[in-house]
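Participant: Fold the stuff below for me.
(one chain, ligands or ions: 2)
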Amino acid sequence: MTIPRSGLVAGLLIILMSLAGIAPASAEAGAGRVSYPMELDGLSSDLAILSTMAMPGEAVRITVDAEASAEAGTLTETGDGWIWRAPEVPGLVRLTLDRAGETRVLNIFVLTAWENGESDSLNGYRIGAYSPTPFRGLAAYAAPAGFIHVTDELRETRVTPHFKLGQFLCKQQPGHDPTYVLISPATLMKLEDLLARVRAAGHEVDTLTVMSGFRTPWYNASIGNHTTSSRHLFGGAADVYIDADGDDRMDDLTGDGRVDIADAQELARLAEGLAAELDEAEWRPGGIGIYRANAVHGPFVHIDSRGYRARW
Ligand SMILES: [Ca+2]
Ligand SMILES: [Ca+2]
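Facilitator: Ligands and ions are numbered 1, 2, ... in the order given. Have a look, this model is predicted:
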């Protein structure tokens with residue numbers, strides 16, 4: 001492979017910015033990041049752990065200047081990285097990337113196939129139906145061709161340094177075996193960046209609490225939401241709050257002694273700061289929605305990566 005020019009430049013830039021007191025978002029988290037970028041799904045990331053999905057036999061292009069090895073599937077070196085072809089058997093395959101002893105992991109979940117409209121469930125797990133016509137004709141809204149089969153072990157799998165797969169499960173049929181889920185690398189990257197910003201703002205949490213991640217169309221309809229375009233249906237949205245005191249509700253981020261919409265606004269403000277600062281190579285445009293508390297939940301913020309800006 002050719003030698004890392006861009007990594008060196010990025011490294012120097014980070015050092016220079018640190019000297020100038022302008023820490024880039026990627027440097028704020030400290031642990032969980034590596035010094036060389038990887039491009040996946042059109043986005044650049046420095047996360048030491050990142051996850052994505054692939055259908056059996058599907059090819060995944062990884063742009064990275066590093067050596068690669070995979071637990072399964074086949075790896076082919078290209079001019080600027082690797083193409084990994086998924087095996088036919090569903091399940092988690094870990095790819096390890098290494099540059100000069102600095103390793104990172106790319107988890108690729110090979111999906112269990114599913115055909116929209118053929119059945120409303122998959123091995124007893126209720127899915128419902130996706131719109132046969134993608135919203136706005138966008139590929140991101142096409143009905144999924146498969147789902148991640150979540151085993152007990154996979155619930156605990158870290159999909160990024162500070163988030164586990166189990167945090168994104170739909171609330172339906174708790175404990176059902178099998179359980180299925182979808183994830184989005186762009187949204188996971190966004191949540192990690194937001195967490196770094198939250199910590200830099202002095203809120204000492206290990207993760208963002210995900211109140212709602214993936215929702216099947218069936219579950220979404222069961223809670224009275226009949227939209228076919230929610231990013232939750234595709235694993236690309238998360239309703240999150242900060243809970244350092246562990247009471248399962250948003251913390252008083254503003255320090256005014258009350259937990260209310262102002263605390264959700266404060267979390268959204270941190271997300272807005274990132275959206276304004278990072279370009280589209282690092283932060284795919286999407287939604288930021290602020291929600292006030294009601295009888296069943298505290299205030300929270302919706303985050304997604306739909307591909308265009310939305311605010312509410
Ligand atoms: Ca709390
Ligand atoms: Ca408050």
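
Participant: drop to CA atoms for contacts and neighbour counts, all remaining ones
Facilitator: Noted.

Participant: How about stretch 276-287, which residues are buried there?
Facilitator: Glu282, Trp283, Arg284, Pro285, Gly286, Gly287 (16 or more other Cα atoms under 10 Å).

Participant: can you tell me how far the residue most central in space within the chain sits from Ser51?
Facilitator: With distances taken as Cα atoms, centre = their mean, the residue of the chain nearest its centroid is Leu188 (1.7 Å). Plainly put, Leu188 is 8 Å away from Ser51 if you go by Cα to Cα, to the nearest Å.

Participant: Also Val60?
Facilitator: 12 Å.

Participant: Neighbour count for those two, which is higher?
Facilitator: Ser51 (26 against 19; other Cα atoms under 10 Å).

Participant: For the more buried one, which non-adjacent residue is closest in space?
Facilitator: Excluding the flanking residues, the one nearest Ser51 by Cα to Cα, 6 or more residues apart in numbering is Asn107, at 4.5 Å.

Participant: just Gly287 next, same as before
Facilitator: Using Cα to Cα, 6+ apart, the nearest residue to Gly287 is Ala310, at 4.4 Å.

Participant: phi, psi of that neighbour?
Facilitator: The phi/psi pair for Ala310 (degrees, to the nearest 10) reads phi -150, psi 140.

Participant: Run through the residues that contact it.
Facilitator: Gly286, Gly287, Ile288 (Cα atoms under 8 Å, 6 or more residues apart in numbering).

Participant: burial of the residue nearest to the first one when sequence neighbours are not counted, as a residue count?
Facilitator: Nearest in space to Gly286, with sequence neighbours left out and distances taken as Cα to Cα, 6+ apart, is Ser305 at 4.1 Å. The tally of other residues near Ser305 (other Cα under 10 Å) stands at 25.

Participant: Check Val296 too.
Facilitator: 5.

Participant: what do you get for the one 10 residues further on?
Facilitator: Taking other Cα under 10 Å as the neighbour definition, Arg306 ends up with a count of 22.

Participant: How about Glu118?
Facilitator: 8.

Participant: Report pLDDT for it.
Facilitator: pLDDT recorded at Glu118 is 94.

Participant: same thing with the one 10 residues further on?
Facilitator: The predicted local distance difference test score for Gly128 is 96.

Participant: just the one 10 residues further on next, same as before
Facilitator: You'll see Leu138 listed with a pLDDT of 87.

Participant: now the one 3 residues further on
Facilitator: Looking at Tyr141, its pLDDT stands at 93.

Participant: Tell me where the stretch 51-200 of the chain has strands.
Facilitator: Under the criterion DSSP state E, counting those that start in this stretch, the stretch 51-200 of the chain contains strands at 59-64, 67-70, 74-78, 81-85, 91-99, 102-110, 112-113, 121-122, 125-126, 146-150, 158-160, 163-164, 179-181.

Participant: Ligand 1 is nearest to which of those strands?
Facilitator: strand 163-164 (18.0 Å; Cα to the ion).

Participant: what helices or strands is the closest one leaning on?
Facilitator: Using 3 or more Cα pairs under 8 Å, 6 or more residues apart in numbering; DSSP states H and E as the contact definition, strand 163-164 packs against no other helix or strand.

Participant: what mean pLDDT does that strand have?
Facilitator: Strand 163-164 comes out at a mean pLDDT of 98.
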